[in-house]
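[1] got a sequence here, can you build the structure:
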Amino acid sequence: MSLRFAARHLALLVAACVLAGASARALPLQDEKEEAGKSRLERPLMPVPVYPLRHRGSIEISVDGSLHEWPAGLPAIELSDIRQLSGTAFGAMRGESDFSARGAGLWDEETLYLFFLVRDDWGRPFDTRLNLPDRMVVPPADALTLFFDPKRDTRSYGPYEGRADDREFWVGMTDGGGTLVVAWQRFKALASRPDKTRARMLYDSKKHVFTIEMAIPWREISPDFEAKDGAAIDTQIILDDFDAPTDTLPQTRIGWTFGSSPVLDPAIYGTFVLVKNDWQAKFRPEAPEYPPAKHPRLPDDTFWISLQKDLAAIQARSGREGITGRRYDLLRALDDRLALYPVLDAQECYKLLQREMPRELSGYLRNGPFYFQDLVMRELLRDLEGDRKPTHREIIALPGRGFFYRTPDGEVLLSPSALHTHRLLPIVSAVLFAASRDPMQRQDPTTVRARQQKIPVLAHLSFHVPGRGALDLPDLVKPGSETKVGTGLVIRALADIDERGRVPMTMGYQITDGHGFTLVAPALSARPEHVQLPDSADGRIDVLVLDPDHEMADDFVSKFRPRVTILEGFLDVRRWLDDSRPRSHRLDEVEPAIERFEKLGTHVLLLTPGQRFVLADSDD
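    Next up is the predicted model:
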């Protein structure tokens, strides 16, 4: 039984169970932000909301943002309780005047009508001129998102089939004063401009208030929903607040059901119940019973725990031997699940991770690929606890994307994005980001703490650092520059600068230790001529971390004859739309990549999440 259904009648009991379960695998970020959330959790939990939608009767609603025709005395949709907040780290929330809201709704047989008044001390519109190199699917702007489950059959997030009919409506204000509405089908990552939905979003800069008014035809929510007295539709309402002009991620969010559980299961929705226009507030509506579950359950925790243990027990082998037998079966089981995970869910999870919203993030960690990532990182942290000073070179595949390269001369995080990465910082010499503008390819909690601890963070494009603002230009590395870290590592930035001083969206790195052992990670834009090997290297790279989509991948392998090539971009959820670069490669692409590169004279490895691989010396 999911939290969403048990919480309706057993909120306090379920909360106790959730807290007990969370303590066994508590997110480290929760520990660090305990004080920030204490005032919320000390209060009793709010009931899962049920809202009575009154019939509009003869009232005519004109969607212009004035609200003058709305009747007085409507019950309120409350979004103003501190327990409904998510994201208060780094001083992002400064009180109710900064961010809170109330709304109301009406219905008729054809249309759902809603309005909201949102207090926000700084209104950020969507800049229609903004070039989004990070390929974020949802635009960065103060916005309202409405989630609807017409059949009330969503039992879980992720690739649960009950979500196939769910719909979202995103409403934001453009920089020219217009209103932008996007209809989402999150399950399939489909977006459209709804034909008949009317919306108006205005911001009063003197009163610091957004007014949002909408009229959504029921048919654009679901062609099968019948609007009648007593009908119910499950709903979530989330408001995103952007308080920094340089940030592409929201700092604070308010959710209608966020006060109903300390761990915010994203499948917990409230309910709109349609009532007649003579309904009176003293008669509280109750949500109808949920229909029986018709769709198969997703794999539970035991599936992911077993998968993690079984993969960890098998050593990596180069070439086709590494993707045969039992290891292939396990890789197939993992990759099939990762491939099914909706891209919008993955982006949502990483946004919550980047802005340290632990209660919401914990909901995504309850099951699925991010629960697996959590397991892998926790096990890796335990393994490294007694291995603080490496005596040999090794590379560790971080879950999702990124690597941890360890040598006796220093230890470097390469484009990390995994959960809990900041817990590695006590043994880290530097943090490198190849695509720092992309929040799907960096780790902001690690960046914040690394800078506090004076650990070098190398990036070539500025990005927003929570609690500080945009990374200063002097902090950025220039293509061709070299940085010394640890006791003997030299890191060279690999990229071009054009005649106008512009750099590409990604940058590669070359890492050379005191013995001339060299690792090269070209990302997607570095070229072979950017690499400068020491004389002792005899023209060869020791380790090449390579994405097969690199347009010069074959040139890197044929020119430098790397002793080992480690494939990058595999065994990950879909972080971007399929036509984006980079992309998440699927398992079926591994064998062609191995054959392609081995013909050019290198050993090819696919590491599983959390896997450690010892790198032999150049003369071995």
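[2] mind checking the SS state of the nearest residue to Phe126 once chain neighbours are set aside?
    Of all residues not flanking Phe126 in the chain, Ala141 sits nearest, at 3.6 Å (Cβ to Cβ, 6 or more residues apart in numbering). To be clear about C-beta, it is placed using only N, CA and C from the backbone, and glycine gets the same treatment. Per DSSP: H, G, I helix; E, B strand; the rest coil, the local secondary structure of Ala141 is coil.
[3] Ala141 reaches Pro125, doesn't it?
    Yes: between Ala141 and Pro125 a contact is recorded at 5.8 Å, counting by Cβ atoms under 8 Å.
[4] ok, back up a step: near the residue nearest to Phe126, how many other residues are there?
    Ala141 has 24 neighbours, counted by other Cβ atoms under 10 Å.
[5] repeat for Ala76
    11.
[6] surely it touches Ser100?
    No: under the criterion of Cβ under 8 Å, Ala76 is not in contact with Ser100, lying 12.0 Å apart.
[7] which residues are common contacts for Ala141 and Pro125?
    Gly172, Met173 (Cβ atoms under 8 Å, 6 or more residues apart in numbering).
[8] the most centrally placed residue in the chain and Thr447, how far apart?
    For the chain, the residue nearest the mean C-alpha position is Tyr350 (1.8 Å; Cα atoms, centre = their mean). Distance of Tyr350 to Thr447, computed by Cβ to Cβ, to the nearest Å: 14 Å.
[9] same thing with Ser205?
    Ser205 is 32 Å from Thr447, by Cβ to Cβ.
[10] compare the two (neighbour count), which wins?
    Thr447 (26 against 8).
[11] mind giving me the packing neighbours of whichever strand or helix holds that one?
    Element membership for Thr447 (DSSP states H and E) is helix 444-452. Here helix 444-452 touches helix 343-354, strand 430-432, strand 457-458, strand 464-465, going by 3 or more Cβ pairs under 8 Å, 6 or more residues apart in numbering; DSSP states H and E.
[12] same list, the ones you listed, but as JSON lines with mean pLDDT and distance to Leu587 please.
    Output for the helices and strands packed on helix 444-452, formatted as JSON lines (pLDDT from 0 to 100; distance: least, Cβ to Cβ, whole Å):
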{"stretch": "helix 343-354", "mean pLDDT": "93", "distance to Leu587": "17"}
{"stretch": "strand 430-432", "mean pLDDT": "97", "distance to Leu587": "27"}
{"stretch": "strand 457-458", "mean pLDDT": "96", "distance to Leu587": "31"}
{"stretch": "strand 464-465", "mean pLDDT": "88", "distance to Leu587": "34"}
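[13] of the ones you listed, which is nearest Leu112?
    Closest to Leu112 of those is helix 343-354 (Cβ to Cβ; 22.4 Å).
[14] what angle separates the closest one from helix 444-452?
    Relative orientation of helix 343-354 versus helix 444-452 (axes from the mean of the first three to the mean of the last three Cα atoms, to 10 degrees): 30 degrees.
[15] follow-up on the earlier one: how far away is the residue nearest to Phe126 from Asp301?
    Distance from Ala141 to Asp301, by Cβ to Cβ: 37 Å.
[16] which stretches of the stretch 201-350 of the chain have low pLDDT?
    279-283 (pLDDT under 70).
[17] now the helices for it?
    Remark: helices assigned in the stretch 201-350 of the chain by DSSP state H, counting those that start in this stretch are 218-221, 301-312, 325-340, 343-354.
[18] go through those helices and pick out the most buried.
    Ranked by mean neighbour count, the helices of the stretch 201-350 of the chain are led by helix 343-354 with a mean of 23 (mean count of other Cβ atoms under 10 Å).
[19] list the buried residues of the next helix or strand after that helix.
    Next in sequence after helix 343-354, counting helices and strands by DSSP H and E, comes helix 358-364. For helix 358-364, the neighbour count (16 or more other Cβ atoms under 10 Å) marks Pro358, Arg359, Glu360, Leu361, Ser362, Gly363, Tyr364 as buried.
[20] separation between the last one and Ala312?
    Same thing as Tyr364. Distance of Tyr364 to Ala312, given as Cβ to Cβ: 23 Å.
[21] likewise for Arg119?
    For Arg119, the distance to Ala312 - Cβ to Cβ - is 50 Å.
[22] same question, Phe242
    Distance, Phe242 to Ala312, using Cβ to Cβ: 40 Å.
[23] now swap in Thr248 and tell me
    For Thr248 relative to Ala312 (Cβ to Cβ), the value is 35 Å.
[24] now swap in Ala244 and tell me
    40 Å.
[25] by mean pLDDT, which helix or strand of this structure comes out lowest?
    Of the helices and strands making up the chain, the lowest-confidence element is helix 11-24, at a mean of 32, by mean pLDDT, DSSP states H and E.
[26] can you pull out the strands in the stretch 401-550 of the chain?
    If DSSP state E, counting those that start in this stretch is used as the criterion, the strands of the stretch 401-550 of the chain fall at 403-407, 410-414, 430-432, 457-458, 464-465, 469-470, 482-485, 489-494, 508-512, 518-521, 543-546.
[27] neighbours of Pro266, how many?
    24.
[28] quick one: low-confidence parts of the stretch 51-200 of the chain?
    Looking at the stretch 51-200 of the chain by pLDDT under 70, you get 88-98, 128-137.
[29] just to revisit the earlier point, doesn't Arg401 make contact with the residue nearest to the centre of the chain?
    No: using Cβ under 8 Å, Tyr350 is not in contact with Arg401; the gap is 10.5 Å.
[30] mutual contacts of those two, please.
    Common contacts of Tyr350 and Arg401 (Cβ under 8 Å, 6+ apart): Ser417, Arg575.
[31] dump the residue contacts of Thr211.
    Residues near Thr211 by Cβ under 8 Å, 6+ apart: Gly65, Leu67, Phe115, Phe116, Leu117, Val118, Arg200, Met201, Leu202, Tyr203, Asp204.
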